[in-house]
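Need coordinates for the following:
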Amino acid sequence: MLLALALLLAGAIGTGAHPHVFIDGRVIANFSGHELERITVHWTFDEFFSQGIFQDFGAPQNGTFTPEQVEQIRQGAFQNLANFDYFVFIEVDGRRYDYRDVERFDAQVDGEGRLVYNFDIPLGISFDEGPREVLIEMYDETYFTDIMLEDDHADVQGASEVAYQEERRARTIEVEIWGPMRIEGVALTAEPAR
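Next comes the predicted model:
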């Protein structure tokens, strides 16, 4: 299954790409003081991809993976996404923000039997100097994976020392090989609370 997915990803651009994996995404912004310390990314996968992971790494027992299974999933079906910036692209005040890595990966199963990934992206973005905007977009440039935001697409935690606004944004880009691609994101504007 994973080999087939990897081959599809490698050949997606040359074969008229269209999504093969569907993800419902959500973001949790975690503040500490005036700093956006990290975001937690929450992905819920489609049933087909979920079943492939269960076949490759073993079905969860009573809806729960063992720690060994989680580590195998991280190594075999997540870590390679580092080559694609984990499909998470961040801008601060309109400029690309490059983060180093992700932390606290976890794999779970939701109440409908679908695979869920959770992982943190450490940021350390300060809002001491006044209002700033952080835009978090999730997309796969190869169009192999389609990521759309959930209705309940964002949450903000620990923000008692900042005043913030959050909004869902979408844009469409034209990709020469396969046409229009919709990109969804979360824009968070914050400044120190008065």
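
Tell me who's in contact with the most centrally placed residue in the chain.
The structure's the chain has its C-alpha centroid closest to residue 41; by C-alpha atoms, centre = their mean the separation is 4.8 Å. Residue 41 sits next to 25, 26, 27, 86, 88, 102, 117, 118, 119, 120, 121, 138 when contact means C-beta atoms under 8 Å, 6 or more residues apart in numbering. Backbone N, C-alpha and C define where each C-beta goes, glycine included.

per-residue confidence at it?
Note for residue 41: predicted pLDDT of 98.

part of a strand, is it?
Yes: counting by DSSP: H, G, I helix; E, B strand; the rest coil, one finds residue 41 located in a strand.

Next one: it from residue 55, what distance?
24 Å (C-beta to C-beta, to the nearest Å).

and if you look at residue 157?
35 Å.

Now for residue 56, how many residues are close by?
15 (other C-beta atoms under 10 Å).

in which helix or strand would I find it?
helix 47-57 (DSSP states H and E).

Report the buried residues of that helix.
Within helix 47-57, the residues scored as buried using 16 or more other C-beta atoms under 10 Å are 49, 50, 51, 52, 53, 54, 57.

Now do the helix or strand just after that helix and helix 47-57, the angle between them.
Following helix 47-57 in sequence order, the next helix or strand is helix 67-77 (DSSP H and E). Angle of helix 67-77 versus helix 47-57, following axes from the mean of the first three to the mean of the last three C-alpha atoms, to 10 degrees, is 110 degrees.

Who are the packing partners of helix 67-77?
Counting contacts by 3 or more C-beta pairs under 8 Å, 6 or more residues apart in numbering; DSSP states H and E, helix 67-77 is packed against helix 47-57, strand 103-109.
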